[in-house]
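[1] Got a sequence here, can you build the structure:
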Amino acid sequence: MAGDGGSPLRELRERARGPRKTITTFGPEPYDDLAPVLDRFDADLRHESLPIPEESGYLVVERDGEYLGAVPAAAFDELRDPSGGAPWDATAEASAYRELVGLLSGTAFEMDEKARLVATAREVEDRAWRTGRGSLYATFQSLSAFRSQVPMYEHLAGTTDLSVTVFGEPDWEPPAIDGVAVHRDETGEVTDFWVVAFDGAGDDDAKSALIAAEERPGTYAGVVTYDPGVVDEVTAHLDGVAASAP
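    Numbers count the residues shown, from 1 in each chain. Just a heads-up that it's a prediction; the model follows:
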């Protein structure tokens, strides 16, 4: 995007990338229809055949041979078509994609489906919802893009002790929402990026952020990170922008 070549958010997105991870599926045959989902992440993909029913398969995420977690085949449908619903609407199955995103934190991704990117951002919002306090930040390319998210953010702020800060290019006037501060980004300093960040309410283990940018028309490149140092710098940068924005 224009004007973001030296952006702190671009630098933080690169710093958020961690060691390469491996995704291994286990089952009688490769789950070829998962490839369009898993290929979006910059990870090594493998399959190991096991003489088990297809529905008893699973996938495992590892880093340098260290087991990080698994997703059962019973939840693969949700990986193929993830829910973009609000955190409080999540069921065990509907949270499978968020679980995968969490296991792949620090892994770069490229996505050209807005719905899948929204579902990816839900992992950060879900952490904020479950914590119920602290500060949540979200950037939108324009405030009109925030329009469809108003009910969710209104519910987040109204039913928790979260403080929510939203940024967007001022092409629409959002309604006043208790607990939600809206800042108009006149310069595109942050709205060239899609950022959702949660400061963890002081708990390093709860801090998380999605940092993505539209590198090609309709295609976003980004990363979800749990690195507390990176998250702290993201939220500090957004606090600074908020302090100078109208």
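[2] Can you tell me how far residue 126 is from residue 210?
    12 Å (C-beta to C-beta, to the nearest Å). Glycine gets a C-beta too; all of them are placed from N, C-alpha and C.
[3] How are the strands of the chain distributed by residue range?
    Under the criterion DSSP state E, the chain contains strands at 21-27, 44-49, 58-63, 66-72, 109-111, 133-142, 161-169, 180-184, 193-198, 208-216, 219-225.
[4] Tell me the buried residues in stretch 120-134?
    120, 121, 122, 123, 124, 125, 126, 127, 128, 129, 131, 134 (16 or more other C-beta atoms under 10 Å).
[5] still on that earlier bit, out of the strands of the chain, which is the most enclosed?
    A comparison of these by mean neighbour count, using mean count of other C-beta atoms under 10 Å, puts strand 193-198 on top with a mean of 26.
[6] Now it - C-alpha only, PDB.
    In PDB, the C-alpha atoms belonging to strand 193-198 read as follows (Å, rounded to 0.1, in the frame of the first residue of the first chain):
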ATOM      1  CA  PHE A 193      -3.000  -2.200   7.600                       C
ATOM      2  CA  TRP A 194      -5.600  -4.600   9.100                       C
ATOM      3  CA  VAL A 195      -4.700  -4.800  12.800                       C
ATOM      4  CA  VAL A 196      -6.500  -6.400  15.600                       C
ATOM      5  CA  ALA A 197      -4.500  -6.300  18.900                       C
ATOM      6  CA  PHE A 198      -5.200  -7.100  22.500                       C
END
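[7] Give me the angle between that strand and strand 161-169.
    170 degrees (axes from the mean of the first three to the mean of the last three C-alpha atoms, to 10 degrees).
[8] pLDDT score for residue 205?
    pLDDT for residue 205: 96.
[9] again, but for residue 4
    pLDDT, residue 4: 46.
[10] returning to what we had before: just send the strands of the chain back as CSV, with distance to residue 155 and mean pLDDT too.
    What follows is the strands of the chain, written out as CSV (distance: least, C-beta to C-beta, whole Å; pLDDT from 0 to 100):
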stretch, distance to residue 155, mean pLDDT
strand 21-27, 33, 98
strand 44-49, 37, 98
strand 58-63, 31, 98
strand 66-72, 28, 97
strand 109-111, 25, 97
strand 133-142, 12, 96
strand 161-169, 10, 96
strand 180-184, 11, 95
strand 193-198, 16, 96
strand 208-216, 20, 95
strand 219-225, 22, 97
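[11] As JSON lines, these with distance to residue 96 would be great.
    Listed next are the strands of the chain as JSON lines, based on distance: least, C-beta to C-beta, whole Å:
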{"stretch": "strand 21-27", "distance to residue 96": "14"}
{"stretch": "strand 44-49", "distance to residue 96": "18"}
{"stretch": "strand 58-63", "distance to residue 96": "10"}
{"stretch": "strand 66-72", "distance to residue 96": "6"}
{"stretch": "strand 109-111", "distance to residue 96": "17"}
{"stretch": "strand 133-142", "distance to residue 96": "23"}
{"stretch": "strand 161-169", "distance to residue 96": "25"}
{"stretch": "strand 180-184", "distance to residue 96": "29"}
{"stretch": "strand 193-198", "distance to residue 96": "19"}
{"stretch": "strand 208-216", "distance to residue 96": "18"}
{"stretch": "strand 219-225", "distance to residue 96": "15"}
